[in-house]
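Asker: fold the following and give me the result.
(chains A and B)
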Amino acid sequence: MKIEDNIETFNSLLRRRGFIWGPSPEIYGGFAGFYSYGPAGMALKNNILDIFRRECRYFGFGEVECPTIMPSIVWEASGHLERFIDPVIRCNKCKTLYRADKFLQENLPDQVREGLSFKEMEILIEKYNLTCPKCDIPFERIEEYNLMLKTSVGNNTIAYLRPETATTTYLLFNRLNQDARRQYPIKIFQFGKAYRNEISPRQGVLRMRAFDQFELQIFISKELEMNFEEFNEVKNEKLPLLDWKQQEKDDSKINAISLDNAIKNGILKKPAYAYCLFIGYHLTKILGIPEPLIRFRQHSINERAHYADDAWDLEIKTRQFGWVEICGIHDRTDYDLKRHAEYSKQNFEVSMGSDSKIKEVPQVLEIAFGIDRIIYTLLETNFIIDQGRINLKINQRLAPNTVAVFPLVKNKEDIKKLALKIHRELLENRINSFFDAAGSIGKRYRRQDELGTKWCITIDYESLEDNTVTIRERDSMDQKRLNISELANIIKKKQEE
RNA sequence: GCGCGAUUAGUCUAGUGGUUAGGAUCUCGGCCUUCCAAGCCGAUGACCCGGGUUCAAUUCCCGGAUCGCGCACCA
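Answerer: Purely as a prediction, here's the structure:
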């Protein structure tokens, strides 16, 4: 088959090799916004999670897991019920949907103020006799479009599937505070599903209705935010920052700037928040996303979520979809804990400094990754076609198979037997080995290249004489001879590199 | 959600109101093979779903699902 260097080759690889399938359920025609991972995709995802969990442990974060369904009051308190429900008006003839607030803003700029109720908007529409721009039919009632998925629990109690994991983590604050023995900052992360009822999901796994989040939270005092010890360890790190002032000037040139300078220049306000940007950057780079394809883009004030004081997106440049957000870093202030304190009638004020009389509601800094977006961007940015050869040059730790073992030819019983024996020995050592004897040797190498397997071991005629095998490296295709007895140890050592 | 276009094996595609629905590639089996998708033989595998028109629909019509593009939406 002629391999063309285009995005279609990549897209078909995702399906062909069992990374991502969908929309699911495919046999029933599919349901937009829902996808499944095949064995290769799931192995990759688990390998990413292993690394993320290991790094989180290194940075001092503990892990929690919360229910994905929560009662209405939680979402009232968090502000999602208010902010995630959009008022819309629908034309009775052409069925076109408009955002009611935006429509009014455009058509009656003088009459509209922030935060109009549904009723007030309806009155305005009636008073000024607003009609559909296409059909000239008068609009009638305002409907709501809810971005949260609603469900009912028990005896028709309304509940919602969480639109983010973060809120469910905050609900544990009392417990976490005890658990951490009131030592601040408290660092916690949660991995799990979140759900959003997207109006029209597109772009495959980049905008799903059910997706995985990996969110880190830091509960911290105002004083510690400004005087954050760990900042000193990372202050000389240079990050590609694009602040919103620069964006307003229509300048998208990315300047790598040290965090220290970013604070001094006022691009960033808080050292603790700067530290969060570093963690986001570190976790992205460690997976092997090429540096020139990474940038941080600051949200403008209008773009920010309802809870955010400052927000930067970590974006990856893709071939197919342009810059894609894979991580949002938000300064959520004390907004969430204050709201939950109010709605739950709990007291979340704690003393966080040396003076035990001074109490405050902790500030929250959040680093929120979309795992599915990481998987997509990681695969896309590591996919290359080199002289007609597909090579998925992902970090060897992430590859679904660590090594593959081949008999040079399959019709020589001795060679095949030895190959199987070596494959089993690697498995005994808990090395993720894959055995393949089908087709020519070259074809088997190419199959593994498509999956990103870093090393292929081939057993040939010489192996029968002197107990050596060849090991072939994915990117260079170079081969070396190794002794069978040292194989497992050498692979283990390479895995650590 | 609106408008336009599309949907045929795992993947990429050809084509038709009555066809054994064609090809390429993949996959599997056999032969061969002393290292990078070689060759030969054989095999498996498809008309998105529902309804209508028709003697007959994968093909025409209507509805739905999904995908692509534009608009809207993306806290």
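
Asker: wait, residue A:225 sits on residue A:275?
Answerer: No. Counting by Cβ atoms under 8 Å, residue A:275 is not a contact partner of residue A:225; they are 9.6 Å apart. (C-beta placed from N, C-alpha, C; glycine too.)

Asker: which one's more surrounded, the two?
Answerer: residue A:275 (27 against 23; other Cβ atoms under 10 Å).

Asker: that one and residue A:229 touch, don't they?
Answerer: No. Using Cβ under 8 Å, residue A:275 makes no contact with residue A:229, being 9.6 Å away.

Asker: got the phi and psi for residue A:32?
Answerer: phi -60, psi 130 (degrees, to the nearest 10).

Asker: name the element residue A:145 belongs to?
Answerer: strand A:142-146 (DSSP states H and E).

Asker: who does that strand pair up with?
Answerer: Note on strand A:142-146: by DSSP bridges, its sheet partners are strand A:85-90 (antiparallel).

Asker: the partner strand and RNA strand B, are they touching?
Answerer: Yes. With Cβ under 7 Å from any atom of the strand as the criterion, RNA strand B is reached by strand A:85-90 at residue A:86.

Asker: now residue A:410, nearest residue through space, not along the chain?
Answerer: Leaving aside its sequence neighbours, residue A:410 sits nearest to residue A:437 (Cβ to Cβ, 6 or more residues apart in numbering; 4.2 Å).

Asker: do the same with residue A:453
Answerer: In space, residue A:453 is closest to residue A:401, 4.4 Å off (Cβ to Cβ, 6+ apart).

Asker: what's the neighbour count on the one you found?
Answerer: Going by other Cβ under 10 Å, the residues that sit close to residue A:401 add up to 21.

Asker: residues contacting it?
Answerer: Counting by Cβ atoms under 8 Å, 6 or more residues apart in numbering, residue A:401 touches A:43, A:432, A:433, A:434, A:448, A:451, A:453.

Asker: same check on residue A:255?
Answerer: With Cβ under 8 Å, 6+ apart, residue A:255 has these contacts: A:240, A:241.

Asker: give me the phi and psi for it.
Answerer: The phi/psi pair for residue A:255 (degrees, to the nearest 10) is phi -110, psi 120.

Asker: what's the residue positioned nearest the centre of chain A sitting at in phi/psi?
Answerer: Nearest to the geometric centre of chain A sits residue A:370, at 1.9 Å (Cα atoms, centre = their mean). The phi and psi values for residue A:370, taken as degrees, to the nearest 10, are phi -100, psi 110.

Asker: bridged to it, which residues?
Answerer: residue A:213.

Asker: just to revisit the earlier point, my guess is the residue nearest to residue A:410 contacts residue A:419. True?
Answerer: Yes. Using Cβ under 8 Å, residue A:437 makes contact with residue A:419 at a distance of 7.3 Å.

Asker: in terms of neighbours, single out the busier of the two.
Answerer: residue A:419 (24 against 17).

Asker: starting from RNA strand B, give me the distance back to the more buried one.
Answerer: 10 Å (Cβ to the nearest atom of the strand, to the nearest Å).

Asker: what's the answer for residue A:381, then?
Answerer: Taking Cβ to the nearest atom of the strand, one finds residue A:381 at 18 Å from RNA strand B.

Asker: over to residue A:335?
Answerer: 12 Å.

Asker: which residue is the nearest non-sequential neighbour of that residue?
Answerer: Residue A:335 sits nearest to residue A:307 (Cβ to Cβ, 6+ apart), 4.5 Å away.

Asker: next: residue A:160.
Answerer: Nearest-residue entry for residue A:160: residue A:148, 4.6 Å, with adjacent residues in sequence omitted and distances by Cβ to Cβ, 6+ apart.

Asker: share the number of residues neighbouring that neighbour, please.
Answerer: For residue A:148, using other Cβ under 10 Å, the count is 19.

Asker: same deal with residue A:118?
Answerer: 15.

Asker: so residue A:419 makes contact with residue A:406?
Answerer: Yes. Residue A:419 is within contact range of residue A:406, at 6.5 Å (criterion: Cβ under 8 Å).

Asker: now do the shared contacts for the two.
Answerer: A:435, A:437, A:459.

Asker: beta partners for the first one?
Answerer: Read that as residue A:435. Going by DSSP bridges, residue A:435 forms beta bridges with residue A:405.

Asker: quick one: the strands in the stretch 201-350 of chain A?
Answerer: Using DSSP state E, counting those that start in this stretch, the strands found in the stretch 201-350 of chain A span residues A:210-220, A:238-242, A:255-258, A:294-298, A:310-318, A:322-333.

Asker: reformat these as TSV; add mean pLDDT and distance to residue A:76.
Answerer: Converted to TSV, those look like this (pLDDT from 0 to 100; distance: least, Cβ to Cβ, whole Å):
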stretch	mean pLDDT	distance to residue A:76
strand A:210-220	97	21
strand A:238-242	96	35
strand A:255-258	92	40
strand A:294-298	95	30
strand A:310-318	95	23
strand A:322-333	95	17
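
Asker: still on that earlier bit, wait, what's in contact with the residue nearest to residue A:160?
Answerer: So residue A:148 contacts A:75, A:80, A:81, A:84, A:85, A:160, A:161, A:163, A:195, A:196, A:197 (Cβ under 8 Å, 6+ apart).

Asker: may I have the secondary structure class of it?
Answerer: Assigned with DSSP: H, G, I helix; E, B strand; the rest coil, residue A:148 falls in the coil class.

Asker: read off the pLDDT value for it.
Answerer: Confidence at residue A:148, expressed as pLDDT, is 93.

Asker: ok, now the one 3 residues further on?
Answerer: Here, the pLDDT recorded for residue A:151 equals 92.

Asker: what about it, neighbour count?
Answerer: 12.

Asker: run through the bridge partners of it.
Answerer: With DSSP bridges as the rule, residue A:151 is bridged to residue A:159.

Asker: need the contact list for it.
Answerer: Per Cβ under 8 Å, 6+ apart, neighbours of residue A:151: A:69, A:158, A:159, A:160, A:161.

Asker: how far away is it from RNA strand B?
Answerer: 18 Å.

Asker: quick one on the thing from earlier: shared neighbours, residue A:437 and residue A:419?
Answerer: A:406, A:407.

Asker: residue in chain A nearest to RNA strand B?
Answerer: Taking Cβ to the nearest atom of the strand, RNA strand B has its nearest neighbour within chain A at residue A:442, 2.4 Å off.

Asker: shouldn't that residue be within a helix?
Answerer: Yes. Using three-state DSSP, the assignment for residue A:442 is a helix.

Asker: local confidence estimate at it?
Answerer: Reported pLDDT for residue A:442: 94.

Asker: so what touches the strand holding residue A:145?
Answerer: A:84-90, A:97, A:100, A:118, A:121-122, A:125, A:197, A:199.
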